[in-house]
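Q: Quick one, what's the 3D model for this:
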Amino acid sequence: MTGNDRERLLLHCCCGPCAATVVQYFAGTGKQVTGWYYNPNIYPPEEMRLRRQALQQASIALGIPLLPPEPDPEPYEFLLAVAAEGGVRCRACYRLRLEAAARKAKEEGFPAFSTTLSISPYQDLEAIRETGEAAGEKYGVRFEFVDLRKKHRESLERARSLGLYCQNYCGCMFSDLERSAARALRAVRKVKSAAPAE
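A: Prediction:
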């Protein structure tokens, strides 16, 4: 099968580490993969820059093209999506990104699209499947859903071998606040345990 015979797939990419193995999986099924970075949930701007840069590095190492990214969004785009979803932030985030990916696939002539979110053990895969299929139906493109969570560790190891930036939180301001609160709580507990008993 030549490159021209393979079905084109637009892969929504959240970061370089997740892309490392998901791209390999889809290429192994005969798909001609093109990546696209669209993640208005990422905060702060420095984190956005690091993730986009890691994906660019991964695309070179993996030999896949990337569509030009959208201009950096304002944080309110994500917050408005969360508000519209009644505060259910993960579902709002999936809808925002997967609808954009389905729309982009339609605009660029891709018959199918997918997402690297399917490799993360921290994501709600059933919600991703439902949201992706609804977005695909809305824009007339097929959502390729696959559960790749068993390959998550492999993906991290590959990312480290490629020298990619590996984040330690999902990326949104809510998860950043939760991470900061957990760190503060651990610090308080450490101080309390080290204090002499009265």
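Q: And for Arg22, the neighbour number?
A: One thing to correct before we go on: residue 22 is Val, not Arg. By other Cβ atoms under 10 Å, 27 other residues sit near Val22. C-betas here are computed from N, CA, C, even on glycine.
Q: What segments of this structure are helices?
A: Here the chain has its helices, by DSSP state H, at 16-28, 45-62, 75-84, 89-108, 125-139, 152-161, 173-194.
Q: State the mean pLDDT of the longest one.
A: By that I understand helix 173-194. What helix 173-194 shows for mean pLDDT is 74.
Q: Could you do the fourth one as well?
A: On average, the pLDDT along helix 89-108 is 94.
Q: Could I have the CA atoms of that helix written out in PDB?
A: What follows is helix 89-108, C-alpha atoms only, in PDB (Å, rounded to 0.1, in the frame of the first residue of the first chain):
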ATOM      1  CA  ARG A  89     -15.000  20.700  33.000                       C
ATOM      2  CA  CYS A  90     -13.600  17.500  31.500                       C
ATOM      3  CA  ARG A  91     -16.600  16.900  29.200                       C
ATOM      4  CA  ALA A  92     -16.600  20.600  28.200                       C
ATOM      5  CA  CYS A  93     -12.900  20.300  27.400                       C
ATOM      6  CA  TYR A  94     -13.400  17.200  25.300                       C
ATOM      7  CA  ARG A  95     -16.300  18.800  23.400                       C
ATOM      8  CA  LEU A  96     -14.300  22.000  22.800                       C
ATOM      9  CA  ARG A  97     -11.300  20.200  21.400                       C
ATOM     10  CA  LEU A  98     -13.000  17.300  19.500                       C
ATOM     11  CA  GLU A  99     -15.600  19.500  17.800                       C
ATOM     12  CA  ALA A 100     -12.700  21.700  16.600                       C
ATOM     13  CA  ALA A 101     -10.800  18.600  15.400                       C
ATOM     14  CA  ALA A 102     -13.900  17.300  13.600                       C
ATOM     15  CA  ARG A 103     -14.500  20.700  12.000                       C
ATOM     16  CA  LYS A 104     -10.800  20.900  11.000                       C
ATOM     17  CA  ALA A 105     -10.900  17.400   9.500                       C
ATOM     18  CA  LYS A 106     -13.900  18.400   7.400                       C
ATOM     19  CA  GLU A 107     -12.300  21.600   6.200                       C
ATOM     20  CA  GLU A 108      -9.000  19.900   5.300                       C
END
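Q: For that helix, which helices and strands make contact with it?
A: If contacts are counted by 3 or more Cβ pairs under 8 Å, 6 or more residues apart in numbering; DSSP states H and E, helix 89-108 sits against strand 8-13, strand 32-37, helix 75-84, strand 112-115, helix 125-139.
Q: Next, format the ones you listed as JSON lines and append mean neighbour count.
A: Below are these laid out as JSON lines (neighbours: other Cβ atoms under 10 Å):
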{"stretch": "strand 8-13", "mean neighbour count": "24"}
{"stretch": "strand 32-37", "mean neighbour count": "22"}
{"stretch": "helix 75-84", "mean neighbour count": "16"}
{"stretch": "strand 112-115", "mean neighbour count": "25"}
{"stretch": "helix 125-139", "mean neighbour count": "18"}
